[in-house]
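> Got a sequence here, can you model it:
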Amino acid sequence: MNSAFFLALRRMRAPIIVLIVIYAVSILGLTLIPGVDANGQKASPLSFFHAFYFVSYTATTIGFGEIPVAFSDGQRLWVTLCIYLTVVGWSYSLVTLIALLQDKGFQNTLTTNRFSRRVRQIEQDFFVICGCGETGGLVAGNFDRIGQPFVVIEKNELRVEELDLLDFNTDTPALAADASLPDNLQLAGLKHPRCRGVLALTNDEQANLAIAIAVRLLNPGIPVIARARSPSVTANMASFGTDFIVNPYERFAEHLALAVSSPERYRLIELLTSLPETPIPEPHRPPHGHWIICGYGRFGHAIADRLRDTGITLSIIDPAAGDADHQHIGDGTEAATLLEAGIETASGIVAGSDNDVNNLSIAVTASELKPELFVVARQNQAANDALFAAYGADFTVLPSRIVAQECIAILTAPLLAHFLGLIRTLDEARCRRLVERLQAECGELTPVVWDVRLNAGEAPAAWKALMSGQQIALGDILPDGAERSRRLPTVPLLIERGDDYILLPADDFRLEAGDQLLFASPRRAQRSLELTLNNANELEYVLTGHENSGSLLARLLADGRPRPTGKAQPTTD
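Purely as a prediction, here's the structure:
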């Protein structure tokens, strides 16, 4: 606020000086010009007090008249001159003030001060989102749905103004500034005691690298998730200890290769890492055989490297293609180039250029030449959703959505990363059974993946019961708190106990204080189970069937009322 105050004083310095001079001259004149008394005789001039009083109410257009006595002609002539002078002075001051309020620098100062004050007043754990384009917008929208506070720094001022139009449940602090500058990160709460992480999601790799370095140096105790595309920037981020580096091209290439080699395992990963409570995506079953890749940039190279590992043979189409075998010069939008690349014998094609119109043209041309071809289409801009949906590729990849999905999965369920590493030990049949169970429990929407640690902070009721020696099995906490005979639609995925991880634990697994549990469930089931773990009365009802509100009257009423004895039936994967 000091900067705004001093900026206002600096801009208003000249008008204030002009007003002070006009007032001083006006008062001085009234103290020198003689007046008249009631008899018309010459009288002494006004005192300094009466002159100041008269000029004050006259210059502000209040006008009480001539006091303490009627003025002489000389005084009236001087007052007339003073009136015009003060009108000019006040007009000059008002014009300068209006110009100050419209000044971009002054407005930015006020906005920055307001933003900084709101960040300082945050009392809950929050994350800093650097860059609120397509990726940042998806993350912000999901955070808002689950009630997770966040702060936004976005370089594009228009995008920050658009955030006010979004239907957010909370008034999110947002600042139009360059997040790669350390001062702006500190304004956003980098050193705030409630800051729990920073997401570097801008479209500029170098800016993301600068953010990751600044976080690691200024507040190394919090995690940073950074978006990267090139191997050099990824390696640089890793050298500074960046906690999570998300390369959407490499990630999609891994998923596509996994969908070819282990489709059920990929389906399981897809369900668990999709945006929570969104429509379940259609299953992807890419075939083996010969594939054509159109566009051989970073995305194309990542796809080619991964598909070759699965035994797939490739033909490359690119305007800068070399003379090597199976490389053809062109962009893939012409039928002749596709035929030259062997589309008649191909099983799949990847339209992977950085131009959405070209990718759609490639996909449409390829489908006309071979309708049964498996088509993977790269969508670069979320604004083209309607076009890609109308075409209906077998597999559409939107890099911004891949980054957003991984960020949300990492932040909302840190234990999920361990689970995804462990499921590589599961065979396809068991992965398929787990997928079927997830779909049965969650219906037509993707599950919410979340974790909770049985400690005094996250699950006080369960922690207290376990610390008192009470034996509680995993299945004992899964009945619905509203009706104990009904089991919550929840799938336990993993339990962390010290250095040990228990994959897909059974209902009879005995819990201990300090265990961290990973679940997949609908949002309503998550809230119900969290209530059970946090509220002692709810936990008692779920475990024993006894209802106890904690009051004496409730206990007296409960003594004369039959108690439910039903219990939820366990399920297995």
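
> avg pLDDT for the lengthiest helix in the chain?
Assignment by DSSP state H gives helix 73-102 as the longest helix of the chain. For helix 73-102, mean pLDDT is 89.

> now it, how far from the chain's geometric center?
Distance of helix 73-102 from the chain centroid (Cα atoms, centre = their mean, to the nearest Å) equals 52 Å.

> For that helix, which residues meet the burial criterion?
Within helix 73-102, the residues that count as buried by 16 or more other Cβ atoms under 10 Å are Q75, W78, V79, C82, I83, L85, T86, G89, W90, S93, T96, L100. Every C-beta, even on glycine, is put in place using the N, C-alpha and C of the backbone.

> Next: stretch 151-162.
V151, V152, I153, E154, K155, R159, V160.

> just stretch 24-43 next, same as before
Buried residues in stretch 24-43, counted by 16+ other Cβ under 10 Å: S26, I27, G29, L30, T31, I33, G35, V36.

> what does stretch 207-219 give?
By 16+ other Cβ under 10 Å, the buried positions in stretch 207-219 come out as A207, N208, L209, A210, I211, A212, I213, A214, V215, R216, N219.

> what does it rub up against?
Outside stretch 207-219, the residues that touch it by Cβ atoms under 8 Å, 6 or more residues apart in numbering are 130-131, 178-180, 182, 185-186, 190-191, 195, 198, 200-202, 222, 224, 226-228, 233, 236-237, 240-242.

> and those, which are buried?
Taking 16+ other Cβ under 10 Å as the criterion, what is buried in those is 130-131, 178-180, 182, 185-186, 190, 195, 198, 200-202, 222, 224, 226-228, 233, 236-237, 240, 242.

> will you turn the buried residues of helix 73-102 into a markdown table that also has distance to L272?
Formatted as a markdown table, these follow (distance: Cβ to Cβ, whole Å):
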| residue | distance to L272 |
| --- | --- |
| Q75 | 88 |
| W78 | 86 |
| V79 | 83 |
| C82 | 79 |
| I83 | 78 |
| L85 | 77 |
| T86 | 73 |
| G89 | 70 |
| W90 | 68 |
| S93 | 64 |
| T96 | 61 |
| L100 | 54 |
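
> quick revisit: and the longest helix of the chain, what does it pack onto?
helix 2-11, helix 13-32, helix 48-59 (3 or more Cβ pairs under 8 Å, 6 or more residues apart in numbering; DSSP states H and E).

> From P173, how far out is S3?
If you measure S3 against P173 using Cβ to Cβ, to the nearest Å, the figure is 18 Å.

> same thing with D331?
The value you get for D331 to P173, if Cβ to Cβ is used, is 44 Å.

> ok, these two, which is more surrounded?
P173 (24 against 18; other Cβ atoms under 10 Å).

> I figured the more buried one was touching V151, is that so?
Yes: using Cβ atoms under 8 Å, P173 is in contact with V151, at 5.0 Å.

> Pull up the overlap in contacts between the two.
Residues touching both P173 and V151 (Cβ under 8 Å, 6+ apart) are V119, I122, A188.

> with those residues in mind, which one is nearest to T345?
The nearest member of the shared contacts of P173 and V151 to T345, counting by Cβ to Cβ, is A188 at 54.5 Å.

> isn't the closest one right up against T172?
No: contact status for A188 versus T172: not in contact, 11.6 Å apart, counting by Cβ under 8 Å.

> intersection of neighbour lists for the two?
In terms of Cβ under 8 Å, 6+ apart, A188 and T172 are both contacted by the residues V151.

> any idea which element H546 lies in?
For H546, there is no host helix or strand (DSSP states H and E).

> do S232 as well
S232 belongs to helix 231-239, assigned by DSSP H and E.

> Which strands and helices lie in contact with that helix?
The contact analysis (3+ Cβ pairs under 8 Å, 6+ apart) places helix 231-239 against helix 205-218, strand 244-246.

> want to try CSV for those, with distance to A429 and mean pLDDT as columns?
Listed next are those as CSV, based on distance: least, Cβ to Cβ, whole Å; pLDDT from 0 to 100:
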stretch, distance to A429, mean pLDDT
helix 205-218, 41, 94
strand 244-246, 31, 90
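
> Rebuild those as JSON lines, extending it with distance to R524.
Putting these into JSON lines (distance: least, Cβ to Cβ, whole Å) gives the following:
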{"stretch": "helix 205-218", "distance to R524": "35"}
{"stretch": "strand 244-246", "distance to R524": "29"}
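
> closest one to S353 among the ones you listed?
With Cβ to Cβ as the yardstick, what comes closest out of the helices and strands packed on helix 231-239 is helix 205-218 (19.4 Å).

> Return the closest one as CSV; C-alpha atoms alone will do.
What follows is helix 205-218, C-alpha atoms only, in CSV (Å, rounded to 0.1, in the frame of the first residue of the first chain):
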residue,chain,number,x,y,z
GLU,A,205,9.5,-24.1,-21.1
GLN,A,206,12.1,-21.6,-20.0
ALA,A,207,9.6,-19.9,-17.7
ASN,A,208,8.7,-23.2,-16.2
LEU,A,209,12.3,-23.9,-15.6
ALA,A,210,12.8,-20.5,-13.9
ILE,A,211,9.8,-21.2,-11.7
ALA,A,212,11.1,-24.6,-10.7
ILE,A,213,14.5,-23.2,-9.9
ALA,A,214,13.1,-20.3,-7.9
VAL,A,215,10.9,-22.6,-5.8
ARG,A,216,13.7,-25.0,-5.1
LEU,A,217,16.0,-22.1,-3.9
LEU,A,218,13.4,-19.9,-2.1
